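Asker: Provided below for reference: sequence and predicted model.
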Amino acid sequence: MHNDDFPSLIDELKWRGFFEQCTDEDGLAELLSGETVTAYVGFDPTAESLHAGSLLPIMGLVHLQRWGHRPMGILGGATAMVGDPTGKTELRQMLTLEQIDANLAGIRAQLGRFLRLGDGPTDGLLLNNAEWLVGYEYIAFLRDVGRHFSVNQMLARDSVKTRMEHGLSFIEFNYMILQAYDFMVMNRDHGCRLQMGGNDQWGNIVSGIDLCRRLNRTEVFGLTFPLLTTAAGGKMGKTAAGAVWLSADRTSPYDFHQYWVNVDDRDVSRFLRLYTLLDRPEIERLEALSGADIREAKRVLAREVTTVVHGAVAAADAERAAAALFAGAADADSVPASDLPADALVGEGLPLVQALADCGLLKSKGEARRMVRQKAVRINGYQVTDELLRLTSEHVRDGRIALQVGKKKHHHLRVAL
RNA sequence: GGGGGGGUUCCCGAGCGGUCAAAGGGAACAGACUGUAAAUCUGUCGGCAGACGCCUACGGAGGUUCGAAUCCUCCCCCCCCCA
């Protein structure tokens, strides 16, 4: 239970940037140094895959486990059927039980890549709060749990206040109580002593701590992570195309890798600390780089994160593909590609704008036409000037046509001859 | 339940009978510059069409008009005040 670079888990979390605030730092530090602590983080089961934004709490659990503690995840299966007021401006879409089950399976598989899950003393566990919430009867819940909550206190929570001006439905208002109840159950049934989460969860975590004290007469702790925004002010893990998913089906390993290569210079240091398990000397070496050398730090960042999420092989493929593309070579196998039947190219051929839209590189033929006008489109590396150009067999090189939009978007059409 | 204010293109936000695919800003995308970064400058930014143009869009459904995001009716949703 130690680490060469840091005297304690909390020290490491602080250095890496995970520590925003803690309900009782000294108490928690003592607890962590004395025994195996079970801690959990809640995840939204809103999709069958987690996205890059979830990487922060996941890594928080990873560090916990590395320090010999027991990480747990709660899928808000029941709460997803209600909606979460925290930091959201609109009522979230409600999910059905079937959707949640499917999402749970997907998320479980993903967490398994980061955490050692199982039944051992420090093996992680993933639970669905629907297990203990769905069957609970209203009157019973009010009697058992509701009486411990003060509406006055609830109204004072930031998560509620920020929703006051735009409206907050009663079921959303209850989210805090449900989440507090989760913590109480985790403590009672699994000996969980710590809940972690984004700082927007602070109020909910504190409510859970109160409930544990009242119902279980136990002392439990809360620790929150900072709410990350990118240096450019955007949400972490979001691009114009949408979220950066951890699932290869939703975000290809290549695109995932490129997301990290393309982060803002100002974010590199923070991200290395948060999202990689590199040791402190190595991170400090990379942080010392400046100017164009920062690219090396970005390459390492991309390689490390992609390796954890998609495996070493996929990470190496993505890296090789990127290197080939940006070095000008057009023969990389890992570039996103799709198949094109050879007969599409016979005769008149296939309009380029059609191909660009069909392969997903661009959203519409109109956009494709505009891009060509802006000299942004290249075929096999050669700039296209004619928006009416049609693809024919003449464009096939080594069994494929390399399409490129701008400097960073690539797609290959594999032509089956 | 009563009174007032609102719902506009990804977001904010103008428009208040034709000149509106809809000002302005932000985001985004492309070009130049560069380091697959930032900043800056330029351009683009609903769909289809080579083009004329056509279609879809201003909470929903109807209506008035040659013509509606703009006027009328009903409905839905949000905010504020009163009960």
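Answerer: Sure, I can see it.
Asker: can you list the low-confidence ranges for the stretch 101-250 of chain A?
Answerer: When residues are selected by pLDDT under 70, those of the stretch 101-250 of chain A lie in A:165-167, A:230-242.
Asker: 90 instead?
Answerer: Filtered on pLDDT under 90, the stretch 101-250 of chain A yields the residue ranges A:101-105, A:108, A:119-121, A:130, A:134-135, A:138, A:150-176, A:199-201, A:227-245, A:247-250.
Asker: likewise the stretch 301-417 of chain A?
Answerer: For the stretch 301-417 of chain A (pLDDT under 90), the answer is A:320-350, A:358-364, A:373-375, A:380-383, A:385-388, A:392-402, A:404, A:406-417.
Asker: contact residues of it facing RNA strand B?
Answerer: When proximity is defined as CB under 7 Å from any atom of the strand, the stretch 301-417 of chain A approaches RNA strand B at A:322-323, A:326, A:353, A:357, A:363-367, A:369-371, A:374-376, A:388, A:405-409. The C-beta positions use only the backbone N, C-alpha and C, and glycine is treated the same way.
Asker: in helices only, show me these.
Answerer: Mapping those onto helices (DSSP state H) picks out A:322-323, A:326, A:353, A:357, A:365-367, A:369-371.
Asker: now those residues: which count as buried?
Answerer: Among those, those classed as buried by 16 or more other CB atoms under 10 Å are A:322, A:353, A:357, A:365, A:369, A:371.
Asker: isn't the last one up against residue A:377?
Answerer: Yes. With contact defined as CB atoms under 8 Å, residue A:371 counts as touching residue A:377 (5.3 Å).
Asker: what do these two both touch?
Answerer: Shared contacts of residue A:371 and residue A:377 (CB atoms under 8 Å, 6 or more residues apart in numbering): A:356, A:405.
Asker: tell me, how many neighbours does the nearest residue to residue A:39 once chain neighbours are set aside end up with?
Answerer: Nearest residue to residue A:39 in three dimensions, chain neighbours excluded: residue A:194, at 3.7 Å (CB to CB, 6 or more residues apart in numbering). Counted with other CB atoms under 10 Å, residues neighbouring residue A:194 total 26.
Asker: what number of residues lie near residue A:152?
Answerer: When counting by other CB under 10 Å, one arrives at 7 neighbours for residue A:152.
Asker: and it, what element?
Answerer: helix A:151-156 (DSSP states H and E).
Asker: torsion angles phi and psi at residue A:386?
Answerer: Note on residue A:386: backbone dihedrals following degrees, to the nearest 10 are phi -110, psi 110.
Asker: distance check, residue A:16 against RNA strand B.
Answerer: Relative to RNA strand B, residue A:16 is positioned 22 Å away (CB to the nearest atom of the strand, to the nearest Å).
Asker: quick one: the helices in the stretch 251-400 of chain A?
Answerer: Assigned by DSSP state H, counting those that start in this stretch, the stretch 251-400 of chain A shows helices spanning A:253-261, A:265-275, A:280-287, A:294-310, A:312-326, A:352-358, A:365-373.
Asker: okay, which residue is most central for chain A?
Answerer: Taking CA atoms, centre = their mean, the centroid of chain A lies closest to residue A:52, which sits 2.3 Å from it.
Asker: I'd like to know how many residues surround the closest residue to residue A:259 other than its chain neighbours.
Answerer: Residue nearest to residue A:259 in three dimensions, not counting chain neighbours: residue A:244, with 5.0 Å by CB to CB, 6+ apart. By the measure other CB under 10 Å, the count of residues near residue A:244 is 21.
Asker: what about residue A:62, which SS state?
Answerer: Put simply, residue A:62 is helix when judged by DSSP: H, G, I helix; E, B strand; the rest coil.
Asker: find the nearest non-adjacent residue to it, please.
Answerer: Distances taken as CB to CB, 6+ apart place residue A:114 nearest to residue A:62, at 5.3 Å, with adjacent residues excluded.
Asker: was I right to think the one you found contacts residue A:64?
Answerer: No. The pair residue A:114 / residue A:64 is not scored as a contact, 11.2 Å apart, by CB under 8 Å.
Asker: more crowded one of those two?
Answerer: For residue A:114 versus residue A:64, neighbours defined as other CB under 10 Å are more numerous around residue A:64 (28 against 20).
Asker: give me the element the closest residue to that one other than its chain neighbours is part of.
Answerer: Spatial nearest neighbour of residue A:64, chain neighbours left out: residue A:71 (5.0 Å); criterion: CB to CB, 6+ apart. According to DSSP H and E, residue A:71 maps onto strand A:70-75.
Asker: mind saving the C-alpha coords of the helix or strand that that strand is followed by as PDB?
Answerer: Following strand A:70-75 in sequence order, the next helix or strand is helix A:97-114 (DSSP H and E). Coordinates of each C-alpha in helix A:97-114 appear next as PDB, following Å, rounded to 0.1, in the frame of the first residue of the first chain:
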ATOM      1  CA  LEU A  97     -35.600  -0.600 -17.700                       C
ATOM      2  CA  GLU A  98     -34.600  -2.600 -20.800                       C
ATOM      3  CA  GLN A  99     -32.400   0.300 -22.000                       C
ATOM      4  CA  ILE A 100     -30.800   0.600 -18.700                       C
ATOM      5  CA  ASP A 101     -30.000  -3.100 -18.500                       C
ATOM      6  CA  ALA A 102     -28.400  -3.000 -21.900                       C
ATOM      7  CA  ASN A 103     -26.400   0.100 -20.900                       C
ATOM      8  CA  LEU A 104     -25.400  -1.500 -17.700                       C
ATOM      9  CA  ALA A 105     -23.900  -4.400 -19.500                       C
ATOM     10  CA  GLY A 106     -22.000  -2.200 -21.800                       C
ATOM     11  CA  ILE A 107     -20.600   0.000 -19.000                       C
ATOM     12  CA  ARG A 108     -19.700  -3.000 -16.900                       C
ATOM     13  CA  ALA A 109     -17.500  -4.300 -19.800                       C
ATOM     14  CA  GLN A 110     -15.800  -0.900 -20.100                       C
ATOM     15  CA  LEU A 111     -15.100  -0.500 -16.500                       C
ATOM     16  CA  GLY A 112     -13.600  -4.000 -16.600                       C
ATOM     17  CA  ARG A 113     -10.800  -2.600 -18.700                       C
ATOM     18  CA  PHE A 114      -9.800  -0.200 -16.000                       C
END
